[in-house]
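Engineer: no sequence for this one, just the structure:
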């Protein structure tokens with residue numbers, strides 16, 4: 001059985017291929033069913049995109065008597081500046097920050 005849930009395609013790649021097929025449809029006397037089957041076959045023949053799941057987190061503002069720093073909400077890594085990713089666990093920091 002085909003594993004539909006674990007394969008991803010580039011939207012641009014699909015768009016360009018379907019546009020090419022639709023241009024052929026306008027130039028040649030191809031019936032709608034043939035065009036639809038060509039679209040289906042074109043999508044099935046495209047290679048899967050190389051994607052990985054992205055974990056999301058946020059920097060939590062923390063401080064002691066001596067210093068102020070940020071903690072990763074996922075791994076509690078201590079950093080002194082905010083960046084887009086935690087250097088320890090690699091999560092993407094795009095959740096709104098809480099004080």
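Structural biologist: Okay, I see it. All values reported here derive from a predicted model rather than from experimental measurement.
Engineer: Where do the helices of this protein begin and end?
Structural biologist: Assigned by DSSP state H, the chain shows helices spanning 11-27, 32-45.
Engineer: Output the ones you listed as JSON lines; include the columns mean pLDDT, mean neighbour count and distance to residue 62.
Structural biologist: Where C-beta positions appear, they are placed from N, C-alpha and C, glycine not excepted. Below are the helices of the chain laid out as JSON lines (pLDDT from 0 to 100; neighbours: other C-beta atoms under 10 Å; distance: least, C-beta to C-beta, whole Å):
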{"stretch": "helix 11-27", "mean pLDDT": "81", "mean neighbour count": "12", "distance to residue 62": "40"}
{"stretch": "helix 32-45", "mean pLDDT": "84", "mean neighbour count": "12", "distance to residue 62": "48"}
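Engineer: Quick one: closest of these to residue 79.
Structural biologist: Proximity to residue 79 (C-beta to C-beta) singles out helix 11-27 among the helices of the chain, at 34.3 Å.
Engineer: just how off-centre is that closest one within its chain?
Structural biologist: Distance, stretch centre to chain centre, for helix 11-27: 23 Å (C-alpha atoms, centre = their mean, to the nearest Å).
Engineer: Residue 69 is in contact with residue 77, isn't it?
Structural biologist: No - checked against C-beta atoms under 8 Å, the pair residue 69 and residue 77 is beyond contact range at 10.1 Å.
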